[in-house]
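K.L.:
any chance you can model this:
(one chain, ligands or ions: 1)
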Amino acid sequence: MEDKRSFIEKTAESLGLIKKLDRFKGESLSDFTDGIPRLTEPGDLANFPPPEKWDNWVEYDSAELPNKIKKTYSIIPTTCFNCEAACGLLAYVDKEKQSIRKFEGNPFHPASRGKTCAKGPATINQINDTDRILYPMKQTGKRGEGKWERVSWDEALEDIGSRIGRAIKEKRHNEIVYHVGRPGHEGYMYRVLNGWGIDGHNSHTNICSSGARFGYNIWQGSDRPSPDYANAKFILLMSAHLESGHYFNPHSQRIIEAKLKGAKLCVIDPRLSNTAARADYWLPTFPGTEAALFLSLAKIIIDENLYNREFIENWVNWQDYLKYKDPHTDPEFSDFIAALKDEYKSYTPEFAAAECGIDAAVIPVIAREIGKAGTQFACHGWRSAATGNLGGWQTTRCLHFLSVLVGAVGTEGGTLPNDWNKFKPVFHDTPPPHKHWNELHYPDEYPLSHYEMSNILPYMLKEGRGKLDVYFTRVFNPVWTYPDGFSWMEMLQDRDKVGLHVALTPTWSETAFLADYVLPMGHASERHDLNSYETHQAMWIAFRQPVMREYLRRQGKEVKLTYESNIGEVWEDDEFFIELSWRIDPDGSLGIRKHFESPDKPGEKLTVDEYYTHIFNNVPGLPEKAELENLSALDYMKKYGAFEVKQTVINQHMTEVPADKGIEVQGKYRQGFSTPSRKQEFFSQTMLDWKWGEYTIPGYIKSHVYWRSMDNAKGEFILVPTFRLPTMIHSRSGNAKWLVEISNRNPVWINTIDADRLGIQTNDLVKINTDIGYFVDKVWVTESIRPGVIACSHHLGRWRREQDPPANRWVMNTINIQEKEPGKYTVNTSKQIERYKSPDRDSELIFWKEGGVHQNITFPPHPDPISGMHCWHQKVKIEKSGIDDSYGDIFVDTNKSFKIYKEWLAMTRPAPGPGNLRRPLWLNRPLKPAAEAFLHKH
Ligand code: SF4
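P.N.:
Residues are numbered from 1 along each chain as shown. Below you'll find the model as predicted:
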């Protein structure tokens, strides 16, 4: 057979630079594979091992090819933890080595259907990370000094538990805070915190999605959209961020499915993202102008009678709006349409095109596509505009307006309220709602904020508004992910503000370096969680289970606690919080312990099997399905990892209910939506009541980074920092070597026209000046971003200091931080990424050096005065770097960021509102307290 290797390949082989291409000895691979017998029968699951063989699955070892070496695996389902979607994974446990060899997709998972994105299989990198934390560690010096010693779990639990118990006894409930980055479970921590009786939940949501959520919530009382892409005829996405980072795999599968059936896709994004590149229409609007475009689309839909009269007449609170405008009117539907025409008359295509920087001719085309799709129009807006701009919440409100106009709410092929998809678990014990109000989470200034005001926590503590006695950060890295990380460092290093910082994390991070305790928690296949998300038009649950624990069970070995089957002493959150609750209340006198006792064995600790048994026994249809295989509901979930609760979830607003629980529509009492009117609220009485009368209806708010106020010739630009490369996992890609190999730098994207004007070329070093400092990065000159806007991915630029433990060395630079004057910090890189020796020999093959630049730390706080969302986009000034500037250099002045916090705070309109309330009772909030806690006390 002809040797097809080129001269270069032969030379590279002989120098050992590449693997031997001749390992098949001149023969083609198919000469071998053709002889391999099929291990599965053709049929539904032909691409996957059939479940009856999962306990003893045999396949040839890919690393040994062409030799046919058989490997025997036990295949165990679990779910991915590398974004919220919780796709199904199958872990292949090598029976000989008694360890996980690889992860593939689980064909029984209704959302992911056997597929994963690149991040799912990379779970194996995280498990095998040689830098991971294996034992509880305690900081012995000053916080951040980098002096760590190993401690026992018992010591850590006792110390933390007794401290929390003391705070509760002394009525310092609001000093205990659990602050979560990646949650990944359904209701578990709400149960725990209600069990402790504290308002102790804080989240990352207002640097993530609270702006988008507020826009949806004010319409329909559900804060996330759930598009039925698969059945849509026209799909509109505000940004590609969703498809390249959030629910990426389940959503993109269904978008492609729809496209194959003839659906069209429109993407609105200043970047030509991977998704935009596949779209039929790409509209690169100026950041912050999106609402103007949506209102222009709405105007055309109304003017050209493309709206769905039946839906609007029955399900929109148009009468409230007309009554508000004229209390003496007897509202007629035609008056409403006339009023809409009048409200939005200025949003002509010409106006919107000029405002957004796009072609006016395309706007009627898109509007007519939406009108034609009708109830099969699906759309989504998540981070991007809603996250980037002052008033960004109006962008999702205006986007949803389009769905309402064409009646595509809750329909097949339309967009559903997310809680129609979400399974709500029934617990064996549900503690009553707590009765506290933590003003560090919901300060007076933000009565409508959607989720906790975590983005201003350091400034509130600096102002003396309170302190934290025990502060948990759980898979949460604010020093690195939040704006102005130096203010977080100042907060965490001050023991008067944070008494004890406990980091619950599977891996070291910039925030864990500043903890008192670092407690290792499991990755995806090392923990229990219940998952249920709005990935498509159905309701499902999935079971994230610790793989080695289940493997040992299958071998007949009893494991009492998950850490016994995990590597080192890695725990899981479920069991940690049960154990900690017992340490908080050892004799039960605080009334806490009883919520964490076995339902069947009084006086004994609750086990995870007991906890999940009760939940699964109460999933409609699951016990019956399990029974068919002679399994308990729990064992069914251990075997298959997922269950489809409902195949379809559309039109729930039409469900007939008793008169006192619904609204009369078309002669029957129906469930409606979760708003005070039970209708879609075009007009919001809530906005009026809470002092924002100018925003009672969908509208356009000019951003804090309005493009007309930028002088591009002087280097002024809008910086879009809100996208991420599709292979990145917030701050947890650093230990996934395959992902870092694909993406390991985050240059600043700049359009060719702007680069030419400024005399900048690809790879030039530039200084990006923000309102509180600057960062130095390289540039990428590209046509993939619109002129006038620059962008930088936010998932790279990780760091450690010399004193910190080695961690995430695939991607972390070693940096030197100096405080030149109080609050004025400089950062420079003392060591770039380099090869190192470790038990993983790939660490000696690293070919990249830069690792990216930490841009977020140079951003000031921008809390939206209504939604509370941090408005990420920045007005920056770009300049060529000076002779003293190096890649990765950073300067930040936290005095300036505090001043900017105060300026944004001054834009708010504080509580109390009607009835002396802190917040409208109907609006949801995490860990919702009893109604009495809503009463304003001052
Ligand atoms: S889409 Fe999310 S959950 Fe699914 S495989 Fe990728 S990272 Fe994992």
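
K.L.:
return the helix or strand in the protein with minimum mean pLDDT.
P.N.:
Least confident element among the helices and strands of the chain, by mean pLDDT, DSSP states H and E: helix 29-33 (a mean of 45).

K.L.:
you'd agree His450 is up against Asn206?
P.N.:
Yes: look at His450 against Asn206 with C-beta atoms under 8 Å: they come within range, at 7.2 Å. Every residue, glycine included, has its C-beta placed from N, CA and C.

K.L.:
which residues do those two both contact?
P.N.:
Listed contacts common to His450 and Asn206 are Ser867, Gly868, Met869; contacts here mean C-beta atoms under 8 Å, 6 or more residues apart in numbering.

K.L.:
tell me how many other residues crowd Gly734.
P.N.:
With neighbours defined by other C-beta atoms under 10 Å, the count for Gly734 comes to 28.

K.L.:
quick check, it in a helix?
P.N.:
No: looking at Gly734 with DSSP: H, G, I helix; E, B strand; the rest coil, it is coil, so not inside a helix.

K.L.:
flag every residue of the protein that's near the ligand.
P.N.:
When proximity is defined as C-beta under 6 Å from any ligand atom, the chain approaches the ligand at 80, 82-83, 85-87, 112, 116-117, 119-120, 248-249.

K.L.:
which one of the shared contacts of His450 and Asn206 has the most neighbours?
P.N.:
Busiest of the shared contacts of His450 and Asn206 [other C-beta under 10 Å] is Met869, holding 34 neighbours.

K.L.:
for the stretch 1-150 of the chain, give me the ranges with low pLDDT.
P.N.:
Applying pLDDT under 70 to the stretch 1-150 of the chain picks out residues 1-46.

K.L.:
ranges for the helices of it?
P.N.:
Secondary structure of the stretch 1-150 of the chain by DSSP state H, counting those that start in this stretch: the helices cover 7-14, 29-33, 123-127.

K.L.:
and what of the stretch 251-400 of the chain?
P.N.:
Using DSSP H, counting those that start in this stretch, helices in the stretch 251-400 of the chain cover 274-277, 290-303, 309-315, 318-325, 333-343, 349-356, 362-373, 384-388, 393-405.

K.L.:
what angle separates the fourth one from helix 333-343?
P.N.:
If I follow you right, that is helix 318-325. Angle, helix 318-325 to helix 333-343, by axes from the mean of the first three to the mean of the last three C-alpha atoms, to 10 degrees: 60 degrees.

K.L.:
before we move on, what about the last one?
P.N.:
Angle of helix 393-405 versus helix 333-343, following the same axes, to 10 degrees, is 140 degrees.

K.L.:
okay, stretch 794-802 in PDB with CA atoms only?
P.N.:
In PDB, the C-alpha atoms belonging to stretch 794-802 read as follows (Å, rounded to 0.1, in the frame of the first residue of the first chain):
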ATOM      1  CA  HIS A 794     -14.700  37.300  29.700                       C
ATOM      2  CA  HIS A 795     -13.600  33.800  30.400                       C
ATOM      3  CA  LEU A 796      -9.800  34.100  30.300                       C
ATOM      4  CA  GLY A 797      -7.200  36.000  32.300                       C
ATOM      5  CA  ARG A 798      -7.000  33.800  35.300                       C
ATOM      6  CA  TRP A 799      -4.200  34.400  37.900                       C
ATOM      7  CA  ARG A 800      -2.500  33.300  41.100                       C
ATOM      8  CA  ARG A 801       0.100  35.200  43.100                       C
ATOM      9  CA  GLU A 802       3.400  33.700  44.100                       C
END
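
K.L.:
confidence score at the residue of the stretch 151-300 of the chain found nearest the ligand?
P.N.:
Relative to the ligand, the nearest point of the stretch 151-300 of the chain is Asn249 (3.5 Å; C-beta to the nearest ligand atom). As predicted, Asn249 sits at a pLDDT of 92.

K.L.:
so who does Ile302 touch?
P.N.:
Going by C-beta under 8 Å, 6+ apart, the list of residues near Ile302 reads Ile337, Leu340, Lys341, Tyr344, Leu405.

K.L.:
give me the neighbour count for the last one.
P.N.:
Leu405: 25 surrounding residues under other C-beta under 10 Å.

K.L.:
can I assume it is in contact with Ala298?
P.N.:
Yes: counting by C-beta under 8 Å, Leu405 does reach Ala298; the two are 6.0 Å apart.

K.L.:
roughly how far does Phe486 sit from the ligand?
P.N.:
Noted for Phe486: a distance of 30 Å to the ligand, by C-beta to the nearest ligand atom, to the nearest Å.

K.L.:
and that residue, that one's in a strand?
P.N.:
No: with three-state DSSP as the criterion, Phe486 is assigned helix and is not in a strand.

K.L.:
give me the neighbour count for it.
P.N.:
Phe486 has 24 neighbouring residues, counting by other C-beta under 10 Å.

K.L.:
go ahead and confirm it touches Thr894.
P.N.:
Yes: the pair Phe486 and Thr894 passes the contact test of C-beta under 8 Å, sitting 5.1 Å apart.

K.L.:
overlap of the contact sets of those two?
P.N.:
Common neighbours of Phe486 and Thr894, using C-beta under 8 Å, 6+ apart, are Gly823, Tyr825.

K.L.:
can you name the residue of the stretch 701-850 of the chain nearest to the ligand?
P.N.:
In the stretch 701-850 of the chain, the residue found nearest to the ligand is Ile729; the distance is 6.7 Å by C-beta to the nearest ligand atom.

K.L.:
check contacts around that residue.
P.N.:
Per C-beta under 8 Å, 6+ apart, neighbours of Ile729: Asn82, Cys83, Lys119, Ala736, Leu739, His795.

K.L.:
try it again at 6 Å.
P.N.:
Going by C-beta atoms under 6 Å, 6 or more residues apart in numbering, Ile729 touches Asn82, Lys119.

K.L.:
same thing with the one 10 residues further on?
P.N.:
Applying C-beta under 6 Å, 6+ apart, we find Leu739 in contact with Ala122, Thr727, Ser733.
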